[in-house]
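S.K.: build me a model:
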Amino acid sequence: MWTALWVFLTALAVALIAPMIAHAIKLAEFRQAWIDELRKDVAAYLGAARRWARRYEEYERLDRNGASQDILDKKMDEVATILNEARVIQWRIQMRINPLDNESKTEDDLFLKAIADVTDFVQVRPADTNAHARWNTLANTAVSESRKLLKREWEVTKQFAPRWLVRTYHAVTGW
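M.R.: Okay, the predicted model is just below:
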């Protein structure tokens with residue numbers, strides 16, 4: 001009789017735990033895909049933002065050298081097209097980040113600001129600095145903030161137990 005009870009309890013435990021494990025594994029797969037796509041989008045965005053900054057520098061150089069309005073208009077169309085491509089990627093990045101209040105909201109907002117700054121004309125081209133060096137500084141800040149966010153999310157993905165279970169355990173036990 002004890003053997004049958006032991007088998008029943010073991011089977012019950014497996015039946016209850018197996019779906020939770022499968023769910024945690026599936027969530028980890030989705031989070032890993034999210035991290036990979038965010039990483040690709042940040043790199044693509046920074047590449048497009050750099051192309052925008054270069055084209056704008058060319059536009060300004062042409063303007064200073066007295067280029068014709070037709071040439072300036074054509075160059076400005078190139079600048080606007082590249083900026084639009086960058087903004088599409090930026091918006092895709094923004095849509096991946098939780099906008100609601102949460103424990104990571106401050107860090108997420110710093111990340112989004114750093115990303116936005118590399119295509120913000122006012123941030124990139126203040127009158128008293130070298131625009132190329134300023135853009136590189138902004139891009140390095142964006143990369144740094146991106147790495148922090150990606151590392152944080154990777155640490156969450158590596159956790160086997162869901163965060164709510166860990167928080168509940170800590171609240172109940174005080175550990």
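S.K.: so for the one helix or strand Glu37 maps to, what's the average pLDDT?
M.R.: Assigning secondary structure by DSSP states H and E places Glu37 in helix 2-64. Mean pLDDT, helix 2-64: 86.
S.K.: now stretch 130-141
M.R.: Stretch 130-141 comes out at a mean pLDDT of 91.
S.K.: mind listing residues that contact that stretch?
M.R.: Applying CB atoms under 8 Å, 6 or more residues apart in numbering, the external contacts of stretch 130-141 come out as 46, 49-50, 53, 57, 114, 117-118, 123-126. Using the backbone N, CA and C atoms, a C-beta is placed for each residue, glycine as well.
S.K.: drop anything exposed from those.
M.R.: 46, 49-50, 53, 57, 114, 117-118, 123-125 (16 or more other CB atoms under 10 Å).
S.K.: picking up where we left off before, which members of the contacts of stretch 130-141 are the farthest-apart pair?
M.R.: Greatest spatial distance among the contacts of stretch 130-141 (CB to CB): Glu57 and Ala114, at 21.4 Å.
S.K.: now the spatially most central residue of the chain: closest residue in space, sequence neighbours ignored.
M.R.: Central residue of the chain (CA atoms, centre = their mean): Leu38, 4.9 Å from the mean position. For Leu38, ignoring the flanking residues on the chain, the nearest one in space by CB to CB, 6 or more residues apart in numbering is Arg96 at 5.6 Å.
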